[in-house]
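>>> give the three-dimensional model of this entry:
(one chain, ligands or ions: 1)
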Amino acid sequence: MSAVADKPLLATVLGQRQSRPPIWIMRQAGRYLPEYRETRARSKGFLDLCYTPDLAVEVSLQPLARFDLDAAILFSDILVIPDALGQSVRFAEGEGPLLEPLSVETLGILRPERVLDHLAPVFETLVRLRRTLDGSKTLIGFCGSPWTVATYMLGGKGSPDQAAARLFALKHPQAFAQLMDILVDVSVDYLEAQFIAGADVVQLFESWALNLDEVAFARHVIEPNRRIIVGLRQRIPNAPIIGFPRGAAGMVRSYVDATGVNMVGLDYATPLSFANGALPADFGVQGNLDPLRLVVGGEQMEQRAREIIDGFAGRPHVFNLGHGIVPQTPIENVARLVDLVKKG
Ligand SMILES: Cc1c2[nH]c(c1CCC(=O)O)Cc1[nH]c(c(CCC(=O)O)c1C)Cc1[nH]c(c(CCC(=O)O)c1C)Cc1[nH]c(c(C)c1CCC(=O)O)C2
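Next up is the predicted model:
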């Protein structure tokens, strides 16, 4: 591994502010790129793409070939975990993920002991990316946080309010706790293996942290993320970790204090002034441009990007969107944004 000092994004995650913020883009490899769509068409399906290192490496590097990004992110998905556990997971064209929803009765089908073997191709992808990337680029690994993964495992698909998982957690607290324990344990193993394979930093995607009351947020978001981080750092001391608790809002400070993340990803609804007031003065943040500003581009995008850069000028800042890039994003807008962030 090359030195931290050679990797501006990693250094920023570790608390060293740069003169310009480094940048990567959540979901930077994906359908807005024609070359992604072309590789995807050559695969036998989305999970096949995730489990074929030749293709996953190619797709992970596509955005870096076009834009001067500071990091590559492993190409995979948060739902490889339920797949590896033995739950049926499908990605239907144009419909998003579809899982066979778990019930109290079917929790027993999950097979944590097979997860690492099943995910061996993902680690191979990281090994190859590590070998290929130039020394200034940070390699990001990731997993979904337990609550977010559980919302798909219990609901069977994405939903605006995560009602299936919220009801399950209230009606069957013991079964729910069992599921969360499994997810915490396999996530520690999974992230440890990602670091061993060459990841510099990992991001915990808690994309569905909104819609929880403060008690549920503490129990289903903060506590499992904290346990993953404690468990991981027992094996990889000082492992650099970005947490992205989307929708944490007023709970963001509690999340940061309790979990031990090095940097927190902010969604685009988080006001800059609120984040600056809520977080310790030197604590690092990532974010938080609205992805739809990138779809439209032009002056409104540039002005907001500058506000974000200026707003976080006093602390370590990794520029990013406040959620994933969307398929209809014009490539020239991405090029302009990266240029603006890097050069002003
Ligand atoms: C909730 C979630 C998922 N997956 C992910 C999250 C958390 C981040 C977020 O909230 O956006 C994370 C993810 N998914 C994907 C990555 C790859 C790395 C990257 O470039 O960031 C990452 C980090 C690829 C993907 N994951 C998926 C695609 C598109 C699949 C295709 O090519 O058909 C890609 C490129 C499929 C997927 N996977 C998931 C959904 C809801 C969908 C369908 C909707 C969509 O396409 O955005 C689950």
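
>>> near the ligand, which residues of the stretch 101-250 of the chain are found?
Phe142, Gly158, Phe205, Ser207 (Cβ under 6 Å from any ligand atom). Every residue, glycine included, has its C-beta placed from N, CA and C.

>>> again, only using 5 Å
With the criterion set to Cβ under 5 Å from any ligand atom, the stretch 101-250 of the chain comes near the ligand through Gly158, Phe205, Ser207.

>>> top of those residues by neighbour count?
Of all those, the highest neighbour tally under other Cβ atoms under 10 Å goes to Phe205, namely 23 neighbours.

>>> residues contacting the nearest residue to that residue once chain neighbours are set aside?
In space, and not counting its chain neighbours, Phe205 is closest to Gly144: 5.1 Å by Cβ to Cβ, 6 or more residues apart in numbering. By Cβ atoms under 8 Å, 6 or more residues apart in numbering, the contact set of Gly144 is Ile78, Leu79, Ile81, Leu204, Phe205, Glu206, Ser207.

>>> phi first, then psi, for Gly144.
Backbone torsions of Gly144, given as degrees, to the nearest 10, read phi -80, psi 150.

>>> how close does it get to Leu294?
Shown here: Gly144 relative to Leu294, a distance of 23 Å by Cβ to Cβ, to the nearest Å.

>>> and what of Tyr255?
26 Å.

>>> quick one: which helix or strand includes Arg20?
Assigned by DSSP states H and E, Arg20 belongs to no helix or strand.

>>> dump the residue contacts of it.
Val341, Lys342, Lys343, Gly344.

>>> pLDDT wise, what is the second one at?
The one in question is Lys342. Confidence at Lys342, expressed as pLDDT, is 95.

>>> ok, back up a step: so the residue nearest to Phe205 versus Tyr268, what's the distance?
20 Å.

>>> quick one: Ala258 and Arg235, what's the gap?
20 Å.

>>> cool, Asp83 as well?
Using Cβ to Cβ, Asp83 is found at 24 Å from Arg235.

>>> which residues of the stretch 151-300 of the chain fall in helices?
163-171, 173-197, 214-216, 223-235, 252-259, 272-278, 291-296, 299-311 (DSSP state H, counting those that start in this stretch).

>>> save these as TSV, and put in mean pLDDT too.
Converted to TSV, those look like this (pLDDT from 0 to 100):
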stretch	mean pLDDT
helix 163-171	98
helix 173-197	98
helix 214-216	98
helix 223-235	98
helix 252-259	98
helix 272-278	98
helix 291-296	98
helix 299-311	98
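
>>> dump these to CSV, plus mean neighbour count.
What follows is those, written out as CSV (neighbours: other Cβ atoms under 10 Å):
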stretch, mean neighbour count
helix 163-171, 17
helix 173-197, 19
helix 214-216, 11
helix 223-235, 19
helix 252-259, 19
helix 272-278, 15
helix 291-296, 17
helix 299-311, 15
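
>>> which among those is found nearest to Gln328?
helix 291-296 (5.8 Å; Cβ to Cβ).

>>> skipping adjacent residues, who's closest to the residue in the stretch 51-200 of the chain that the ligand sits nearest to in space?
Residue nearest to the ligand within the stretch 51-200 of the chain (Cβ to the nearest ligand atom): Gly96, separated by 3.8 Å. Of all residues not flanking Gly96 in the chain, Gly158 sits nearest, at 5.5 Å (Cβ to Cβ, 6+ apart).

>>> who's in contact with the one you found?
Gly96, Pro97, Thr151, Tyr152.

>>> would you list those in a markdown table and tack on distance to Lys44 and neighbour count?
Putting the contacts of Gly158 into a markdown table (distance: Cβ to Cβ, whole Å; neighbours: other Cβ atoms under 10 Å) gives the following:
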| residue | distance to Lys44 | neighbour count |
| --- | --- | --- |
| Gly96 | 19 | 11 |
| Pro97 | 17 | 19 |
| Thr151 | 27 | 26 |
| Tyr152 | 22 | 28 |
